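Student: Provided below are the primary sequence and the corresponding predicted coordinates.
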Amino acid sequence: MTDARETAIEKIGGSVVRSFDIIDGATVTIPVKNLRKLSNLHWVKRISNNFVVRKYDEFTTKHTYADTLWRGEPGG
């Protein structure tokens with residue numbers, strides 16, 4: 001995240017929470033009403049929502065036999 005890009009985000013009411021230079025990305029907080037302004041910045045390629053993801057091992061463990069592997073049973 002360059003200083004110029006961070007300044008541009010701040011000018012439209014946002015703030016950079018974290019920068020991911022390896023993918024040329026960032027986590028930004030910004031009021032919903034300013035999303036269009038953010039999307040109009042020529043270097044913004046994608047905007048996505050920050051969803052909460054929950055992990056449910058109950059399905060994958062049983063159906064992939066991971067529990068058998070973890071116990072060290074034959075065939076696992």
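Tutor: Okay, I see it. Everything quoted here is computed from the prediction, not taken from an experiment.
Student: Run through the residues that contact the most centrally placed residue in the chain.
Tutor: By C-alpha atoms, centre = their mean, the chain has its centre lying nearest to residue 50, at 6.1 Å. Residue 50 makes contact with residue 27 under the criterion C-beta atoms under 8 Å, 6 or more residues apart in numbering. In this view, the C-beta of every residue, glycine as well, is placed from N, C-alpha and C.
Student: tell me the SS of it?
Tutor: What DSSP: H, G, I helix; E, B strand; the rest coil gives for residue 50 is coil.
Student: residue ranges for the helices of this structure, please.
Tutor: Counting by DSSP state H, the chain has helices at residues 3-11, 35-39, 57-64, 66-71.
Student: Can you list the low-confidence ranges for this protein?
Tutor: 56-67, 69-70, 73-76 (pLDDT under 70).
Student: mind running it again at 80?
Tutor: Within the chain, the segments meeting pLDDT under 80 span 51-76.
Student: just checking, residue 29 touches residue 14?
Tutor: Yes: with contact defined as C-beta atoms under 8 Å, residue 29 counts as touching residue 14 (6.3 Å).
Student: So for those two, which sits in the more crowded spot?
Tutor: residue 14 (19 against 11; other C-beta atoms under 10 Å).
Student: so what's the more buried one closest to, chain neighbours aside?
Tutor: residue 30 (3.4 Å; C-beta to C-beta, 6 or more residues apart in numbering).
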